[in-house]
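*Asks:* sequence first, then the predicted structure:
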Amino acid sequence: MDSGDIMFEDNIIAVKSKAFAIRVIKLYRYLTEEKKEYVLSKQIERSGTSIGANVYEALRGSSKADFKNKMAIALKEANETQYWLELLYETDYLTKEQYTSINNDCVELNRILVSIVKNS
């Protein structure tokens with residue numbers, strides 16, 4: 001394990017955004033295999049996994065400005081993901097319980113990212 005791995009393991013936004021990406025990938029699999037939904041599921045897979053990718057890029061950024069920019073992009077992706085979750089719920093692809101569970105995680109990521117961007 002290199003020192004970069006330790007940086008990600010100890011960083012709450014890195015840990016939570018990666019865990020969220022894994023949930024989104026599993027949601028994508030469920031939507032395509034069980035619900036035969038291919039359009040919204042692809043959108044949410046893209047935006048939901050992009051949150052963590054941008055967080056990781058930010059943490060390895062070359063400058064404070066680069067860090068803030070990548071975190072701002074992660075925040076935009078989290079906002080977009082919330083939109084796709086709402087659509088999936090409101091079109092009956094997700095039950096209320098499924099929606100509430102994953103949306104709560106997305107809302108938490110949004111709050112953390114807002115704080116990071118404001119304080120950067």
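*Replies:* Perfect, I can see it now. The model shown is predicted, which means the values in this text are computed figures rather than measured ones. Residues are numbered from 1 along each chain as shown.
*Asks:* rest of the way, CA atoms for contacts and neighbours
*Replies:* Will do.
*Asks:* quick one: low-confidence ranges for this structure?
*Replies:* Residue ranges of the chain with pLDDT under 70: 1-7.
*Asks:* who's in contact with Ala74?
*Replies:* Ala74 makes contact with 50-55, 113 under the criterion C-alpha atoms under 8 Å, 6 or more residues apart in numbering.
*Asks:* among those, who's most crowded?
*Replies:* Ranked by the number of neighbours (other C-alpha atoms under 10 Å), these place Ile51 first, at 32 neighbours.
*Asks:* which secondary structure element contains the nearest residue to that residue once chain neighbours are set aside?
*Replies:* Excluding the flanking residues, the one nearest Ile51 by C-alpha to C-alpha, 6 or more residues apart in numbering is Ala74, at 4.5 Å. Taking DSSP states H and E as the definition, one finds Ala74 inside helix 64-90.
*Asks:* residues touching the helix or strand just after that helix, excluding its own?
*Replies:* Note on helix 64-90: by DSSP H and E, the next helix or strand toward the C-terminus is helix 96-119. Helix 96-119 is contacted from outside by 13, 16-17, 20, 23, 68, 71-72, 74-75, 78-79, 81-82, 85-86, 89, using C-alpha under 8 Å, 6+ apart.
*Asks:* which positions in helix 96-119 come out as buried?
*Replies:* Under the neighbour-count criterion of 16 or more other C-alpha atoms under 10 Å, helix 96-119 has 99, 102-103, 105-106, 109-110, 113-114, 116-117 buried.
*Asks:* same question for stretch 53-65.
*Replies:* For stretch 53-65, by 16+ other C-alpha under 10 Å, it's 53-56, 58-59, 61.
*Asks:* please apply the same query to stretch 14-26.
*Replies:* Those would be 14, 16-18, 20-25, for stretch 14-26 by 16+ other C-alpha under 10 Å.
*Asks:* which ones among these map onto helices?
*Replies:* Under the assignment DSSP state H, those contribute 14, 16-18, 20-25 to helices.
*Asks:* and which of the buried residues of stretch 53-65 is nearest to Glu34?
*Replies:* The shortest gap between Glu34 and any of the buried residues of stretch 53-65 belongs to Ala53, at 26.9 Å (C-alpha to C-alpha).
*Asks:* brilliant, that's me finished.
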